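Participant: Give me coordinates for this.
(chains A and B)
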Amino acid sequence: MASLTLSPAEQDYITRGIEKGFRGDGRAGLDRREVTLRTNMISQANGSARCRTGYLGIGTDVLVGIKAEVCSWKPGEPEDKGTIVCNVECSPSAAQEFEGRGAEELNVELTQLLDRILNGPQSGIDLAKLCIIPKQDYWVLHVDALVLDVKGSIIDTLVWATRAALLSSKRPKVVVESIKDEDGNVHSEFDVVDDAEDQVALEGAENLPLTVTFNQIGKRYVVDASEQEEAVTQARLTVAVSPQTEICAVQKSGLMRGFPPSLLSEILQTARRIAREEFSRFNDLFTAANSTSAADEPSTGSTFLGTF
Amino acid sequence: MSTNVVDRRRVNGPARSVEPLYTSADTAESFVNGREDKRTLDQVRPIFMKTGPLSAQESELSLSATASAASGSAFYEQGKIRISCAVYGPRQGRKSNARMGSFDCDFRYAPFSCSWKRRSHIKAADEKEISLMLEHAIAPAIRVEAYPKACIDAFVTVIESDGRAATIAAAINCISAALADAGIEMYDSVAACSMGLRGSQWVADCTQSEEDVSSCSVLIAFMPSADEITYILQHGKSTPEQTDQAVQTCTNLCTRVYAVICRYLQSSLV
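Facilitator: You can find the predicted model right below:
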């Protein structure tokens, strides 16, 4: 992860502070910073969301866009399911080291993590509903995430934005009809209904998980580390929890140390415990974001930045 | 991965070719009469390991293995999984002002190694991610403060793969052995093991056919002497109790794998 260079004195200051329960911005160990969420601001996309974690308009900023495309089935692919393709890119505007191929490793890591969470029954999304005609055509949902700013805790912000984008995504309705040709063979064809008002939401999106990332600093662990805290993090554990408090993914990262098994169990239990608050906080923000209807927005270009 | 990338450095086969499809679905259910290879549910596949260059000949005349460019290497087999690893280092690092050494890992599948598809020569995203995973799993075990300004590189090639999570676990074990062979200072060897969830039952060390029917897989890398889990990866959904159970069982299995690795390393010194 992009990290600051801190002097040994600063590192010691942060580590000892956290061991005594003090964080730089006064939060408790399991508190998340202020989260701002906006949805549906990219009209060309089937769904979109922007999430920022941080205070005073500065923080980790991730923008996710969803595009739905129709794909032809090839032998060897699942016959009655659609698919989700993820791609995460860290923009050079986030950090200088991201220019050129600097962000390649981070992009791969985040893309694979998102793919692990979204593709498969653990995401809760009903992929069977994304099938149009079995063994012939299916919907592909492209989830493209752009990391605009990095101030610690990319994974959580990325997953919050992705969940919001998928929850608010809509794809056109499809009409399937059977056609009999001259030889008497029956085959199916589909037509996409070109009605912007009559669109289908993504089935099962409310089951999508959220992630909580625990950073181990010294002997304690904190949630939603700021940039400084990430620079002194020794090991990090990301846990994806579904609304039904099932564990959907677990991944450890960090080159310096591992977790004792007892600490690992404790972290998994904590993830379960705070998942409920995280989901209710997400739902409040999401409902607020969706309730701002298009009619209230000024039609100038500042909408995108607007009240964000 | 894009299929439009043209590989200009090699003589390529036809532009479009696919693997053959087996139309009859006569594949036996993996768990119908217990496991296919008659293992118990918590049994890991038999492990064979050899450190030193692959071409080493054992004879009365040769003093030691043929000189190899690598500082250390290992060949690891676990059931049908075959992995070879070469470690180079400590050698000059990229940053000349680094207080601590760096550990880099390069993981790749041989094109013929996987059952599901021929792999391209060009590194795919999952190979890049697995390289990072291996780094995160093994770096905590290396005494990097003993190698300032130096880097240690491990190059892993999967010759044959059988089960995605199991192959990554085997790669971790292989790298541990190769690092020991290279004489890199470590706190402890890292042993890894994987499990798959079938229904509500955790099954140790799943083969590819067993993994295809399991809903969740957990991979754990563990340092027994330090009592630290250096890596955990869960892919798929499970209840928190099931995850806890998997962590405990898998950690115990890692300790058993660790004993096997240590035995092989000790016998290689004789």
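Participant: which sections of chain B are below the confidence cut-off?
Facilitator: Residue ranges of chain B with pLDDT under 70: B:1-7, B:22-33, B:54-68, B:116.
Participant: Okay, helices next: where are they in it?
Facilitator: Counting by DSSP state H, the segments of chain B that form helices are B:125-138, B:164-182, B:208-212, B:240-269.
Participant: Reformat the ones you listed as a markdown table; add distance to chain A and mean neighbour count.
Facilitator: C-beta: built from backbone N, CA, C; applies to glycine. What follows is these, written out as a markdown table (distance: least, C-beta to the nearest C-beta, whole Å; neighbours: other C-beta atoms under 10 Å in any protein chain shown):
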| stretch | distance to chain A | mean neighbour count |
| --- | --- | --- |
| helix B:125-138 | 4 | 22 |
| helix B:164-182 | 11 | 27 |
| helix B:208-212 | 12 | 19 |
| helix B:240-269 | 5 | 18 |
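Participant: CSV for those, including distance to B:Ala150?
Facilitator: Listed next are the helices of chain B as CSV, based on distance: least, C-beta to C-beta, whole Å:
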stretch, distance to B:Ala150
helix B:125-138, 16
helix B:164-182, 12
helix B:208-212, 38
helix B:240-269, 23
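Participant: closest one to A:Glu206 among the ones you listed?
Facilitator: Evaluated with C-beta to C-beta, those place helix B:240-269 nearest to A:Glu206, the distance being 20.1 Å.
Participant: Just want the angle from the closest one to helix B:164-182.
Facilitator: If you take axes from the mean of the first three to the mean of the last three C-alpha atoms, to 10 degrees, helix B:240-269 sits at 30 degrees to helix B:164-182.
Participant: Chain B versus the residue nearest to A:Ser226 when sequence neighbours are not counted, what's the distance?
Facilitator: Sequence neighbours aside, A:Gly152 is the residue nearest to A:Ser226 in space, at 4.4 Å (criterion: C-beta to C-beta, 6 or more residues apart in numbering or on different chains). Distance of A:Gly152 to chain B, computed by C-beta to the nearest C-beta, to the nearest Å: 19 Å.
Participant: cool, A:Val223 as well?
Facilitator: 17 Å.
Participant: which parts of the stretch 1-150 of chain B sit against chain A?
Facilitator: Within reach of chain A by C-beta under 8 Å from any C-beta of the partner chain, the stretch 1-150 of chain B has these residues: B:18-19, B:21, B:103, B:125-126, B:128-129, B:132, B:135-136, B:139-140.
Participant: Pick out the most distant pair among these.
Facilitator: Top of the distance list for the residues of the stretch 1-150 of chain B next to chain A (C-beta to C-beta): B:Leu21 and B:Pro140, 43.4 Å.
Participant: Have a look at those two and say which one is more surrounded.
Facilitator: Neighbours were counted for B:Leu21 and for B:Pro140 using other C-beta atoms under 10 Å in any protein chain shown; B:Pro140 has more, 29 against 7.
Participant: Shouldn't A:Ala28 be within a strand?
Facilitator: No: A:Ala28 sits outside any strand when classified using DSSP: H, G, I helix; E, B strand; the rest coil, being coil.
Participant: For the closest residue to it other than its chain neighbours, the count of nearby residues, please.
Facilitator: Distance criterion C-beta to C-beta, 6+ apart; nearest residue to A:Ala28, sequence neighbours excluded, is A:Gly21 at 7.7 Å. Residues lying near A:Gly21 (other C-beta under 10 Å) number 10.
Participant: what's near enough to touch A:Gly21?
Facilitator: A:Ala28, A:Gly29, A:Arg220 (C-beta atoms under 8 Å, 6 or more residues apart in numbering or on different chains).
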